[in-house]
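*Asks:* sequence and predicted structure, then a few things I'm wondering about:
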Amino acid sequence: MLQGYQTAGTFVPDNLIAGDAKIVTRGITVAAGQGVLPRGAVLGKITDDESDDVGKYVLSGATSVTDGSQTPDCILAEAVDATSADVVTVGYLSGQFNQASLTLGTGHTLASIRDDLRDKNIYLTAVGGA
C-alpha cells in the first residue's frame, strides 16, 4: 500500500446500475419507522399536506396508502436504517437500473411501477436474463 493512503472499504458490485443512461441524484430524507432499507429500494414521496412527514420518502407500497408515497418516485442509492429516526441520504432521480436488484413495497410489481418510473426518467432493464 502507498504510504499515507488508507482503504475506506471494499467495493462489491451489486449490479443495481445498468446501461449508460445519465444518473442524477439528490439528497432525500427517509422517514423514521421504515426499518432497514437496502440500496435499490423503490421509494415514494409523501405529498399529503396533512402528514407530519410531508416531503419525506418511504418504501413505496401500492396497498392502503393515499399519502402520495404509493407512486414510485426514486430509487434509494445506499442502504439506510430508518428504524427510529429520519435519515438524510441520497436517491437516484434518473438513470437505468437492473430490475432484479430493486426492492419493491407491498402490492407493487415491476409492471406496476415501470410507467411511473419511466415518466421520471428512471428506466428498468433486465440484465443477464434477469
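*Replies:* Structure's in. What do you need?
*Asks:* now the helices for the protein?
*Replies:* Along the chain, the segments classed as helices by DSSP state H run 110-118.
*Asks:* show me what the longest strand seen in it is packed against.
*Replies:* Secondary structure of the chain read by DSSP state E shows that its longest strand is strand 87-98. Where contact means 3 or more Cβ pairs under 8 Å, 6 or more residues apart in numbering; DSSP states H and E, strand 87-98 is packed against strand 24-30, strand 72-76, strand 80-82, strand 122-125. Any C-beta I mention is one placed from the backbone N, CA and C, and that applies to glycine too.
*Asks:* in stretch 77-90, what counts as buried?
*Replies:* Within stretch 77-90, the residues scored as buried using 16 or more other Cβ atoms under 10 Å are Ala77, Val80, Ala82, Asp86, Val87, Thr89.
*Asks:* Gly19 touches Tyr123, doesn't it?
*Replies:* Yes. With contacts counted by Cβ atoms under 8 Å, Gly19 reaches Tyr123, the gap being 7.2 Å.
*Asks:* now list whatever residues contact both of the two.
*Replies:* Gln96 (Cβ atoms under 8 Å, 6 or more residues apart in numbering).
*Asks:* low-confidence ranges, this structure, go.
*Replies:* Within the chain, the ranges that satisfy pLDDT under 70 run 1-13, 64, 129-130.
*Asks:* repeat the analysis, applying 50 as the threshold.
*Replies:* Applying pLDDT under 50 to the chain flags residues 1, 130.
*Asks:* picking that back up, now the helices and strands packed on strand 87-98 as TSV including distance to Asp48?
*Replies:* Shown next, in TSV, are the helices and strands packed on strand 87-98 (distance: least, Cβ to Cβ, whole Å):
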stretch	distance to Asp48
strand 24-30	16
strand 72-76	14
strand 80-82	19
strand 122-125	22
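*Asks:* any idea which of the ones you listed is most buried?
*Replies:* strand 72-76 (a mean of 25; mean count of other Cβ atoms under 10 Å).
*Asks:* so which elements touch that strand?
*Replies:* Against strand 72-76 (3+ Cβ pairs under 8 Å, 6+ apart) you get strand 24-30, strand 42-45, strand 57-59, strand 87-98, helix 110-118, strand 122-125.
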